[in-house]
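1. here are the coordinates; sequence isn't available:
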């Protein structure tokens, strides 16, 4: 909601797109048996395992490389693909334990 200008939306969409692709890839990496830092390859590999979300992940990869100021693109990433990905990640890997508090000093 705070990204009100095209420049703000481009910055945010790049960050969100890249993080979504990386998170999506962590779902399939163990089954695929390897690692890649290439956003396109990550999205394509994700799509083999989750074909119903392949097009959205391709858009996330594209946005991670070429940011978009389109509010609809950012909305899809944040309001649709992101929550689905978080739920799927939890279903596959379980709830992450909270990080221990860091003592001051």
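-> Arrived safely, thanks for sending. All of these numbers come straight from a predicted model, not from anything done at the bench.
2. Helices of this protein, start to end?
-> When assigned using DSSP state H, the helices of the chain occupy the ranges 6-32, 39-49, 54-65, 71-76, 82-93.
3. State the pLDDT value of residue 4.
-> Looking at residue 4, its pLDDT is 82.
4. and it, how many neighbours does it have?
-> For residue 4, the number of neighbouring residues by other CB atoms under 10 Å comes to 9. C-beta here means a position set from N, CA and C on the backbone, and glycine is covered the same way.
5. quick one, phi/psi of it?
-> In terms of degrees, to the nearest 10, the main-chain angles of residue 4 are phi -100, psi -20.
6. Against residue 58, how distant is residue 14?
-> Here the distance between residue 14 and residue 58 works out to 16 Å (CB to CB, to the nearest Å).
7. circling back to that earlier point, tabulate the helices of the chain (CSV), appending mean neighbour count.
-> As requested, these are exported to CSV (neighbours: other CB atoms under 10 Å):
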stretch, mean neighbour count
helix 6-32, 18
helix 39-49, 19
helix 54-65, 20
helix 71-76, 14
helix 82-93, 13
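8. Out of these, which gets nearest to residue 102?
-> Across these, residue 102 has its closest neighbour in helix 6-32 (23.0 Å, CB to CB).
9. The closest one packs against which elements?
-> In terms of contacts (3 or more CB pairs under 8 Å, 6 or more residues apart in numbering; DSSP states H and E), helix 6-32 is packed against helix 39-49, helix 54-65, helix 71-76, helix 82-93.
10. Repeat the analysis, applying 6 Å as the threshold.
-> Counting contacts by 3 or more CB pairs under 6 Å, 6 or more residues apart in numbering; DSSP states H and E, the secondary-structure elements packed against helix 6-32 are helix 39-49, helix 54-65, helix 82-93.
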